[in-house]
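Participant: this is a predicted model, with the sequence first.
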There are 2 protein chains.
Amino acid sequence: MPYFDVASTAPLHPVAREALGAALDDGWADPSRLYREGRRARLLLDAAREAAAEAVGCRPDELVFTSSGTRALHAAVAGALAGRRRVGRHLVVSAVEHSAVLHGAESHQADGGAVTEVPVDRSGAVSAGEFAAALRDGTALACLQSANHEVGTVQPVQEAAEACRAAGVPLLVDAAQSLPWGPVPGGWSLLAASAHKWGGPPGVGLLVVRKGVRFAPEGPRDERESGRAAGFENVPAIVAAAAALRAVRSEAAAQSGRLRELTERIRTRVPELVPDVQVVGDPVRRLPHLVTFSCLHVDGEALLHELDRAGFSVSSGSSCTSSTLTPSHVLKAMGVLSEGNVRVSLPLDVEPADVDRFLAVLPRAVSAVRARLAPVGPVAPEAGGAPGPAVRVAGGEPGSLVVDSLGKLCPIPVIELARAIGEVPVGGTVTVLADDQAARLDIPAWCGMRGQEFVGEEAAERGAAYVVRRLV
Amino acid sequence: MPYFDVASTAPLHPVAREALGAALDDGWADPSRLYREGRRARLLLDAAREAAAEAVGCRPDELVFTSSGTRALHAAVAGALAGRRRVGRHLVVSAVEHSAVLHGAESHQADGGAVTEVPVDRSGAVSAGEFAAALRDGTALACLQSANHEVGTVQPVQEAAEACRAAGVPLLVDAAQSLPWGPVPGGWSLLAASAHKWGGPPGVGLLVVRKGVRFAPEGPRDERESGRAAGFENVPAIVAAAAALRAVRSEAAAQSGRLRELTERIRTRVPELVPDVQVVGDPVRRLPHLVTFSCLHVDGEALLHELDRAGFSVSSGSSCTSSTLTPSHVLKAMGVLSEGNVRVSLPLDVEPADVDRFLAVLPRAVSAVRARLAPVGPVAPEAGGAPGPAVRVAGGEPGSLVVDSLGKLCPIPVIELARAIGEVPVGGTVTVLADDQAARLDIPAWCGMRGQEFVGEEAAERGAAYVVRRLV
């Protein structure tokens, strides 16, 4: 069963499993106790800290273990902001940070702080110059991920760190996706990561705070882990996490080229095999194991189910897969198609034959979903789509059409637009009323892919009205 | 190697170990994913939640898994206070709560909230009446542990819950020590516990919030665990924790009487075997497996080392064992002797022969420490102690003596007092200058045990001056 979602979580690495078993025998006691079981746990904890610090490229006393990557990011954002509160309350983040960073920023804002979100280009990368320009007097902290978790794009961390250093602002790097592949370069000040992303057990995050960085832990005090991570130390899991990081690092060097070739194969072949696909993310400056694409007129959740039935586990940033009806903030910030989104992230030991099987299965899976969503016929206007079930509402100028897609989830509004466009003359408009937020992203993206003009978005009683002019 | 410190942490229960192994195979994936690995993890998580809820006596949707008991308590205190902020900002806690609750209270106070600490009697118990009297208009939350973690005294939770219900105040129960023994009785509103205390793995806490209790999670939002416990769900550890709780509960019913008899043996025999010992905690309303005593003129850390060398792992609430120089807040609140403190907490499978061996070893261990601390001779005044190395300072009235114990750690100030008392006539006083905070507790306790009069404490340039009048 090929599992292609290691960017969510990786199964426990065999080395981690062995280390966990041994540490459950020897490291279960409270490492702050004086008796032999406690001293043994302390020794294991110290050794794990040294191993993790070596992999990160920091001093052991700069690194603490938290209970998760999310907790590490929450603690890093809150602690760095509190530590520099006298300097100011301005926070800089990229628009495509992990939700843990953005939720930290949200809390900061709710508490009266200011936040600047640095936009990204269509590949998902921030510009180092724009990032530097966001720093100002009163900036307490800047956050930039080493690589994006949804599209794999590598960020210019080194340049951002230089700009931050010049401005006297600490830079927090979320290294969750890249740490298994190597240390984060550059003069960053804080770093966070998550062990279950590299085959360590769940329950272990890393928080690194460089010496000299002002840091005031938030929340009730707790003497463990230098006062930076409350709660009983999870020594067995920490030992396993450090062992897995070391093991994965040595494998990563050997596997990186192989995985890059396999994801390149997916990047190239998918648009050849499946019509109306956008491959997203930077084609070169990217993680070796991760590739993301979106399929027009496809419900992401339905596609995931099709692929699951075919034996492949992948994930999606489509709004259809979540209860929030909001498409992935990453795809949104990039301004790319969000519907039918599929993220493939390959494990280190992936078999090339499984990638080929995935490529063989995908076209059928996409067609099946498309057929279910548009049973009456093809939805490309050039093929003369038969009238679908969309409700045309009265009103509008002659040669224009209003389609009521209110209450319909992505990709239905886009499918209804595709059907309606053939019914207006070239130069005429179709106005789509929709309240699924993905429409805001997917209707302009559809226009770009189809060569139609996206006129704009207008306010509506409910949802929004998206106006499209037929050009072809 | 008898390990007698399960109140700190218990080794992994065999059932937990087996469950952990199986759940690492089947439950490692992200339970929010739609593919089969994710669905399997979700099923395991749901089943674990049901099992834990059944053991607690609550609905599954009232229970979330946190990353530790400490986190559960921090989240419970902050969330309940925030949820009832409009009602008021007054918090009631017992003086002997776990530090996680008291640190939560400290944070609340630093943030402008009000805190009432309900005192305890010499057995460590709060009076239900006093607890009820602390509730007032504007009380947002009250906290009471089910049983004390240092001395084992069971608290009147049911009566406190009734008083809270009458006053319309939610009661948070820290059930960390008692949950393995059975559900917490009474109409409490919130409950927290920690899996590694019952033989579950570290990294799992329980937070229960009864339906209808106002609760506003603090910190950055996170959709997992009903928004009450941020971070990737640690499904394998959660599964193991729930399995261990179930297993331990069924054993506890059978072992409770046996362990109570063994701790009773320690309670009775220790004062017979070792001179100058105070057994502390309620002799009847107590946890079955835990017993605590303090030894006069003994350095707790040295005694722990002696016992460790003899093969016994126990813990201590003596200040000498920590870097803070503050004796356990529990012993302090009880007003009992803190020096030479030993807490014995027996595992479910303890062998009676090991308890007997402990009783055989203890007198020698205490004597050895006492001999090292007072090498010149016995320190009991009735034995006519030889002059020790304490510095007598000039000044004071005739027939009185001032002993400078500044900079000396417990139990040295008490040992120096014991030596000096023989040098003043009956009716004369010894004034001890000391800056170790344990002296505040241990000098009055010593007076009580020796039949001398504790006159009081006076302000001093450094530390405090403790005045003792010789009566015998």
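Facilitator: On my side now, so go ahead. Residues are numbered from 1 along each chain as shown, chains lettered A, B, ... in the order given.
Participant: residues in contact with the host helix or strand of residue A:41?
Facilitator: Element membership of residue A:41 [criterion: DSSP states H and E] is helix A:36-56. Helix A:36-56 has contacts (Cβ atoms under 8 Å, 6 or more residues apart in numbering or on different chains) with A:23, A:26-33, A:59-60, A:62-63, A:65, A:175, A:179, A:183-184, A:191, A:193, A:206, A:208, A:233, A:235, A:238-239, A:241-243, A:245-246, A:249, B:1, B:3, B:308, B:313. For every residue, glycine as well, the C-beta is placed using N, CA and C.
Participant: please save the CA atoms from that helix in CSV.
Facilitator: What follows is helix A:36-56 as a C-alpha-only set of coordinates in CSV (Å, rounded to 0.1, in the frame of the first residue of the first chain):
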residue,chain,number,x,y,z
ARG,A,36,19.4,5.4,39.3
GLU,A,37,16.3,5.1,37.1
GLY,A,38,16.1,8.9,37.1
ARG,A,39,19.9,9.3,36.4
ARG,A,40,19.6,6.9,33.5
ALA,A,41,16.7,8.8,32.0
ARG,A,42,18.7,12.0,32.4
LEU,A,43,21.7,10.5,30.6
LEU,A,44,19.5,9.4,27.7
LEU,A,45,17.8,12.8,27.5
ASP,A,46,21.1,14.6,27.5
ALA,A,47,22.4,12.3,24.7
ALA,A,48,19.3,12.9,22.6
ARG,A,49,19.6,16.6,23.1
GLU,A,50,23.2,16.5,21.8
ALA,A,51,22.3,14.4,18.8
ALA,A,52,19.4,16.6,17.9
ALA,A,53,21.5,19.7,18.4
GLU,A,54,24.2,18.3,16.1
ALA,A,55,21.7,17.6,13.4
VAL,A,56,20.2,21.1,13.7
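Participant: partners of the very next helix or strand once past it, with directions?
Facilitator: Going down the chain from helix A:36-56, the next helix or strand is strand A:63-66, by DSSP H and E. The strands beside strand A:63-66 in its sheet (DSSP bridges) come out as strand A:205-209 (antiparallel).
Participant: tilt between the strand it pairs with and helix A:36-56?
Facilitator: Angle, strand A:205-209 to helix A:36-56, by axes from the mean of the first three to the mean of the last three Cα atoms, to 10 degrees: 70 degrees.
Participant: would you mind checking the average pLDDT for strand A:205-209?
Facilitator: Strand A:205-209 carries an average pLDDT of 98.
Participant: also stretch A:368-383?
Facilitator: Computed over stretch A:368-383, the average pLDDT equals 64.
Participant: check whether stretch A:238-247 contacts chain B.
Facilitator: No. Using Cβ under 8 Å from any Cβ of the partner chain, stretch A:238-247 never reaches chain B; the gap is at least 9.3 Å.
Participant: tell me how far that stretch is from the chain's mean position?
Facilitator: 24 Å (Cα atoms, centre = their mean, to the nearest Å).
Participant: ok, residues contacting it?
Facilitator: Here stretch A:238-247 makes contact (Cβ under 8 Å, 6+ apart) with A:12-13, A:15-20, A:22-23, A:27, A:44-45, A:47-49, A:51-52, A:55, A:65, A:179-180, A:195, A:198-201, A:204.
Participant: now the residues you listed: which count as buried?
Facilitator: For those, a neighbour count by 16 or more other Cβ atoms under 10 Å in any protein chain shown gives the buried set as A:12-13, A:15-17, A:19-20, A:23, A:27, A:44-45, A:47-49, A:51-52, A:55, A:65, A:179-180, A:195, A:198-201, A:204.
Participant: count the neighbours of residue A:112 for me.
Facilitator: Using other Cβ atoms under 10 Å in any protein chain shown, residue A:112 has 7 other residues around it.
Participant: how about it, secondary structure?
Facilitator: Assigned with DSSP: H, G, I helix; E, B strand; the rest coil, residue A:112 falls in the coil class.
Participant: hang on, it packs against residue A:89?
Facilitator: Yes. Applying Cβ atoms under 8 Å, one finds residue A:112 in contact with residue A:89, separated by 6.9 Å.
Participant: need the residues touching each of those two.
Facilitator: Counting by Cβ under 8 Å, 6+ apart, nothing touches both residue A:112 and residue A:89.
Participant: show me what contacts residue A:308?
Facilitator: Neighbours of residue A:308 in contact, by Cβ under 8 Å, 6+ apart: B:34, B:35, B:36.
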